[in-house]
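S.K.: model this:
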Amino acid sequence: MPELVSLEKAAALIKDRMTVMFGGFMGCGTPHDLIDVLADSGVKDLTLICNDASMPGGPMKEEHYGVAKLVHNHQVKRFITTHVGLNPEVAKQSMEEKVLEVILVPQGSMAEMIRAGGAGLGGILTPAGVGTIVEESPLCLGKQIIHGKEYLLMDALRADVAVIAGSVVDPIGNVWYRGATSNFNPLMATAADTVIVEAEEMVYLGGIRAEDIRTQSIYVDYVVRGASCIIQI
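M.R.: Sure thing, here's the model as predicted:
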């Protein structure tokens with residue numbers, strides 16, 4: 001059964017030089033409150049695995065939305081992602097200042113690489129990226145020809161910690177995601193040594209129908225309540 005902890009205690013679980021996965025897609029389904037605390041913690045030299053670098057500004061005029069806060073603070077040393085075009089600070093830190101290593105992979109490949117990491121597989125075979133600079137990625141382990149077609153062998157992805165956002169969480173850590181907020185969250189919950197769920201709403205045991213549970217409690221180590229968490233227990 002996962003432990004219910006404060007945002008501060010959850011953030012303290014993330015140490016310098018750790019590899020951390022963050023759920024979310026341009027801020028949708030991102031654990032924003034825990035990121036806010038982490039941005040003030042001083043932790044540094046992180047390797048981040050997430051879909052994108054979010055944006056310099058959020059939909060409610062937030063400054064440095066989502067994981068963009070960590071990039072802005074120079075807390076990230078290595079970034080494994082699929083898209084960074086909406087956050088110009090990534091280009092500045094990686095191409096001009098040379099303080100951030102960015103490894104880009106196709107989005108579908110990254111999803112499957114995380115799935116492989118969670119399933120205990122060594123990697124995936126994919127045609128995405130054949131004949132492109134993806135072949136030069138440190139995550140590309142080589143090429144194989146199967147039935148006359150070329151595939152890249154891409155490494156599986158795992159992390160020390162995965163931080164995900166749950167729309168509804170019950171007392172034992174089962175999670176339901178609202179709409180598109182699921183994105184990378186269910187995959188990442190399977191592919192890390194420690195999994196932290198930031199809850200938007202907490203409900204009583206049985207408040208999530210069994211068939212609606214997207215992340216089972218067995219994957220979850222810690223639950224934190226978001227700053228505006230609705231509690232129905």
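
S.K.: Tell me the helix or strand right after the helix or strand hosting I196.
M.R.: Assessed by DSSP states H and E, I196 sits inside strand 192-203. Per DSSP H and E, strand 192-203 leads on to strand 222-232 as the next helix or strand towards the C-terminus.

S.K.: how about the helices in the chain?
M.R.: Assigned by DSSP state H, the chain shows helices spanning 7-12, 32-39, 68-72, 88-91, 107-119, 185-188.

S.K.: what does the longest one contact?
M.R.: Right, the one you point to is helix 107-119. For helix 107-119, contacts defined as C-beta atoms under 8 Å, 6 or more residues apart in numbering pick out 21, 49, 51, 80-83, 105, 122-124, 126, 128-129, 134, 139, 152, 154-158, 184, 187-191. Glycine gets a C-beta too; all of them are placed from N, C-alpha and C.

S.K.: V203 - how many residues pack around it?
M.R.: 18 (other C-beta atoms under 10 Å).

S.K.: From V99, how far off is the nearest residue in space to N185 that is not next to it in sequence?
M.R.: Closest residue to N185 apart from its sequence neighbours, by C-beta to C-beta, 6 or more residues apart in numbering: G23 at 3.6 Å. Look at G23 and V99: by C-beta to C-beta, to the nearest Å, they are 25 Å apart.

S.K.: How about I124?
M.R.: Distance from I124 to V99, by C-beta to C-beta: 30 Å.

S.K.: So between the two, which is more surrounded?
M.R.: I124 (23 against 11).

S.K.: Look up how far E112 lies from that one.
M.R.: 5 Å.

S.K.: if I look at these two, which residues touch both of them?
M.R.: M154.

S.K.: and K149, what are its bridge partners?
M.R.: Under DSSP bridges, the beta-bridge partners of K149 are I146.

S.K.: That one contacts P127, correct?
M.R.: Yes - between K149 and P127 there is a contact at 6.6 Å, judged by C-beta atoms under 8 Å.

S.K.: So which of those two has more stuff around it?
M.R.: Counting neighbours by other C-beta under 10 Å for K149 and for P127 shows that P127 has the greater number, 13 against 10.

S.K.: Next, work out how far apart the more buried one and R115 are.
M.R.: Relative to R115, and taking C-beta to C-beta, P127 is found at 17 Å.

S.K.: What of T82?
M.R.: Taken as C-beta to C-beta, the span from T82 to R115 is 14 Å.

S.K.: swap in I49?
M.R.: I49 is 13 Å from R115, by C-beta to C-beta.

S.K.: Check what pLDDT the residue sitting furthest away from the middle of the chain gets.
M.R.: Computed with C-alpha atoms, centre = their mean, the residue of the chain farthest from its C-alpha average is G148, at 35.0 Å. pLDDT, G148: 96.

S.K.: Give me the phi and psi angles of it.
M.R.: Torsion angles at G148 (phi, psi; degrees, to the nearest 10) stand at phi 80, psi 0.
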